[in-house]
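A.B. asks: build the 3D model from these lines:
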Amino acid sequence: MEAIKYDLNSMYPSFSSNEFQNDLKKLEEDLKKYSQYVEENCQSYEGFEEKLKQLIQFDEKANLLIGRLYPFISLTRSVDTTNDDANKYLAKVQMLLAEATLPFTKASKYIGKYEYLEELLDKEPYSDYKFYLTQIKKETKHLLSDEQEAIISKMKQTGSTAWSHLQSLLTSKLEVEVKLKDEVKTMTISEVSPLMHSPDPEERKAAYEGVQSAYQKIDDSIAMCLSSIKGEVNFVSKLRGYDSALEQSLDVSRTKKETLDAMIGAIYEYLPHFHKYLKRKAKLLGHEGGLPIYDLVAPLGEVNKTYTIEETKAFIIKNFKSFSDKLADLAKKAFEQNWIDVYPRKGKVGGAFCANVRSIKESRILTNFNGNLRDAITLSHELGHAYHGECIFQNKLLNSSYPMPVAETASTFCETIVMNAVIEESNDEEKLALIESELQDHTAIICDILSRFIFEKEVFEKRLEQPLNSKDLQKIMRDAIKEAYGEGLNHEYVNPFAWLNKPHYYSASLSFYNWPYAFGLLFAKGLYAQYLKDKGSFVSNYDNLLKATGKMLVEDVAKEANIDVTDISFWRDSLEMIKQKIDLFLQLTEDKVNN
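C.D. replies: Residues are numbered from 1 along each chain as shown. Presented below is the predicted three-dimensional model:
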């Protein structure tokens, strides 16, 4: 199989190139100039308007440089975690940014404490940065002293950032021994993943057992990583005046607690329907009671379609075109200009992601494509992130950052387009399998994400009292899975190590990056329902909504589509759409379980 790798040349030809080395030097010089400017000019408010213009210009220039250097380094490292240059320069840039924390903090305080800032926000050129400046003013109250901010930033380099790197290194190099009949195969975690979807129940169970055994080789080390990161986040969030890491996460996510509470409340109400689906699937697979975890993603029916990457490309572009030419053109460009690193290989991180690279107004996508339907759907999901990037790139540079909850909106919307097309083009026998495949995904995003939210909340709370080891984390995860999945799962066969290989847990700046997936699914469901009612006007409104995610609070973004996300009824309506699919699945399988 020929490797298809993403092309990073539009950023830099190599680490040794003059372009990379010059930009690295320029970043260092620019950050020093910025620091000097802040020291000399941010002591008094005389001539504030001109100073603010200069600070914005400095900020934009720094962001542009960082937004070229950092993605080049991190994207290189993602496909080769042992790359010495990538690891060296990652540490170098992180240290530069840590040293720049003090002047950036001083500048933010200086701007945020200006008495007449709000009066400037409707004037040119500041009106273009209204949301950005308002957020600075809001965040000022959580900033610490200049010295404390600098210490925390530097501390993270040998604290949470180092622990995060260790987790990705250990998991990317982990070898899994899977016993298949009379043969034992040694694989990476990403290479084992397709076996979880195998039509052969013995292969699924062997993959589960192999992974569980492999995790025990590194669980103590990874537990130390997780416990240390969560301990640091607890410490820093308290210093900043937050009641909890969750409160800080909501603040960073630009989301009200009422919104999260409404969504989680609706999810709990609808859990019994997901449990019915899981119990029915268990019965269809010959199990009594709940479903063993190793059969959670077992295929049902006769859809054993496999896709080459070329077939996947054609299928995605065709169905994206049914939504808009702009979306189809974006996907075509991503495939043809090598934005995508396609296949798994040793040293490459697992999973999939999309990086919007604002400095070149392009995105790069990492997948571990093995040719099954799920991989094709995953690729459509990541291309949705790239489309979100295309919309955001139209904003001013400092209005390009969108929060976690709406980060999954465009991706889930694109996934819905493709999945609906797959179902529509299938025969009756295939439809059942495809509906079940869709319910697998929805159950993961509702039940599994809920279990991860419960787990992380409990970990943060217990970490306030003491460090946590692997046994502690396994127990917390087991309890969380039981609460979310209920009697839908066989509790003798769960994954107590579900915390070990999820990179989101290991980012100090992305605490609680779980519930935003549920938000993304359910928000996208609500948007898709609007699309079906009025396709003509929806597309342009949709692009405007995605652009707005960089310069509005989540609740205000939703209002762009006449949605009130603080109202539990919106979430119930979206979950009701999934319940209808569950009811259809139960109806279509009634004869199968009664015969």
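
A.B. asks: quick one: low-confidence residue ranges for the stretch 201-350 of the chain.
C.D. replies: Along the stretch 201-350 of the chain, the model assigns pLDDT under 70 to residues 302-304.

A.B. asks: then the chain?
C.D. replies: Those would be 1-3, 302-304, 595, if you go by pLDDT under 70 across the chain.

A.B. asks: list the buried ones in stretch 449-461?
C.D. replies: 449, 450, 451, 452, 453, 454, 455, 456, 457, 458, 459, 460 (16 or more other Cβ atoms under 10 Å). Backbone N, C-alpha and C define where each C-beta goes, glycine included.

A.B. asks: residue contacts, the fourth one?
C.D. replies: Okay, so that is residue 452. Taking Cβ atoms under 8 Å, 6 or more residues apart in numbering, we find residue 452 in contact with 480, 498, 502, 514.

A.B. asks: please look at the second one and residue 485 and confirm they touch.
C.D. replies: No - using Cβ atoms under 8 Å, residue 498 is not in contact with residue 485, being 11.4 Å away.

A.B. asks: quick one on the thing from earlier: out of the contacts of residue 452, who's nearest residue 98?
C.D. replies: Taking Cβ to Cβ as the measure, residue 98 lies nearest residue 502 of those, at 25.7 Å.

A.B. asks: distance check, the closest one against residue 222.
C.D. replies: Using Cβ to Cβ, to the nearest Å, residue 502 is found at 10 Å from residue 222.

A.B. asks: can you check residue 568 too?
C.D. replies: For residue 568, the distance to residue 222 - Cβ to Cβ - is 37 Å.

A.B. asks: and those two? Which one has more around it.
C.D. replies: Neighbours were counted for residue 568 and for residue 222 using other Cβ atoms under 10 Å; residue 222 has more, 24 against 17.

A.B. asks: OK, contacts around the more buried one?
C.D. replies: 167, 170, 171, 470, 500.

A.B. asks: ok, which stretches of the stretch 351-500 of the chain are strands?
C.D. replies: With DSSP state E, counting those that start in this stretch as the criterion, the stretch 351-500 of the chain has strands at 353-357, 362-366.

A.B. asks: hey, which of those is tucked in deepest?
C.D. replies: Compared across these, strand 362-366 shows the largest average neighbour count, a mean of 24 (mean count of other Cβ atoms under 10 Å).

A.B. asks: C-alpha coordinates for it, CSV please?
C.D. replies: Provided in CSV are the C-alpha atoms of strand 362-366 (Å, rounded to 0.1, in the frame of the first residue of the first chain):
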residue,chain,number,x,y,z
GLU,A,362,-5.2,25.7,4.4
SER,A,363,-5.8,22.7,6.6
ARG,A,364,-4.0,19.4,7.2
ILE,A,365,-5.7,16.2,8.1
LEU,A,366,-4.4,13.0,9.8
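
A.B. asks: name every strand pairing with that strand and say which way it goes.
C.D. replies: Looking at strand 362-366 with DSSP bridges, its partner strands are strand 340-341 (parallel), strand 353-357 (antiparallel).

A.B. asks: got the contact list for it?
C.D. replies: Under Cβ under 8 Å, 6+ apart, the answer for strand 362-366 is 6, 8, 10, 71, 75, 78-79, 334, 337, 339-341, 348-349, 351-357, 379, 382-383, 385-386, 389-390.

A.B. asks: buried among these? Need that as a selection in PyMOL.
C.D. replies: Those of the contacts of strand 362-366 that count as buried under 16+ other Cβ under 10 Å are selected in PyMOL with:
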select buried, resi 6+8+10+71+75+78+79+334+339+340+341+348+349+351+352+354+355+356+357+379+382+383+385+386+389+390
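
A.B. asks: looking at the buried residues of stretch 449-461, which one is closest to residue 236?
C.D. replies: Checking the buried residues of stretch 449-461 against residue 236 with Cβ to Cβ, the nearest one is residue 460 at 12.2 Å.

A.B. asks: grab the nearest non-local neighbour of the closest one.
C.D. replies: residue 245 (4.8 Å; Cβ to Cβ, 6 or more residues apart in numbering).

A.B. asks: report the separation between that neighbour and residue 403.
C.D. replies: 16 Å.

A.B. asks: more neighbours: these two, which one.
C.D. replies: residue 245 (25 against 19).

A.B. asks: I'd like to know how far the more buried one sits from residue 252.
C.D. replies: 10 Å.

A.B. asks: again, but for residue 307
C.D. replies: Residue 307 is 37 Å from residue 252, by Cβ to Cβ.

A.B. asks: over to residue 293?
C.D. replies: From residue 293 over to residue 252 (counting by Cβ to Cβ), the distance is 32 Å.

A.B. asks: check residue 177 too.
C.D. replies: On the measure of Cβ to Cβ, residue 177 and residue 252 end up 40 Å apart.

A.B. asks: measure how far the top helix by length along the chain is from the centre of its chain, please.
C.D. replies: Secondary structure assigned by DSSP state H gives helix 201-239 as the longest helix of the chain. Its chain's C-alpha centre and that of helix 201-239 lie 18 Å apart, by Cα atoms, centre = their mean, to the nearest Å.

A.B. asks: list the buried ones in the helix or strand just after that helix?
C.D. replies: Counting by DSSP states H and E, the next helix or strand C-terminal to helix 201-239 is helix 245-252. In terms of neighbour count (16+ other Cβ under 10 Å), helix 245-252 has its buried residues at 245, 246, 248, 249, 250, 251.

A.B. asks: how many residues are close by the residue nearest to residue 296 when sequence neighbours are not counted?
C.D. replies: Nearest residue to residue 296, sequence neighbours excluded (Cβ to Cβ, 6+ apart): residue 440, at 7.2 Å. Using other Cβ under 10 Å, residue 440 has 20 other residues around it.

A.B. asks: isn't residue 440 up against residue 297?
C.D. replies: Yes - the pair residue 440 / residue 297 is scored as a contact, 5.4 Å apart, by Cβ under 8 Å.

A.B. asks: got a winner among the contacts of residue 452 for most neighbours?
C.D. replies: residue 480 (25 neighbours).

A.B. asks: for it, what are its contacts?
C.D. replies: Contacts of residue 480 (Cβ under 8 Å, 6+ apart): 451, 452, 454, 455, 458.

A.B. asks: TSV for these, including distance to residue 371?
C.D. replies: Formatted as TSV, these follow (distance: Cβ to Cβ, whole Å):
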residue	distance to residue 371
451	29
452	28
454	34
455	32
458	38
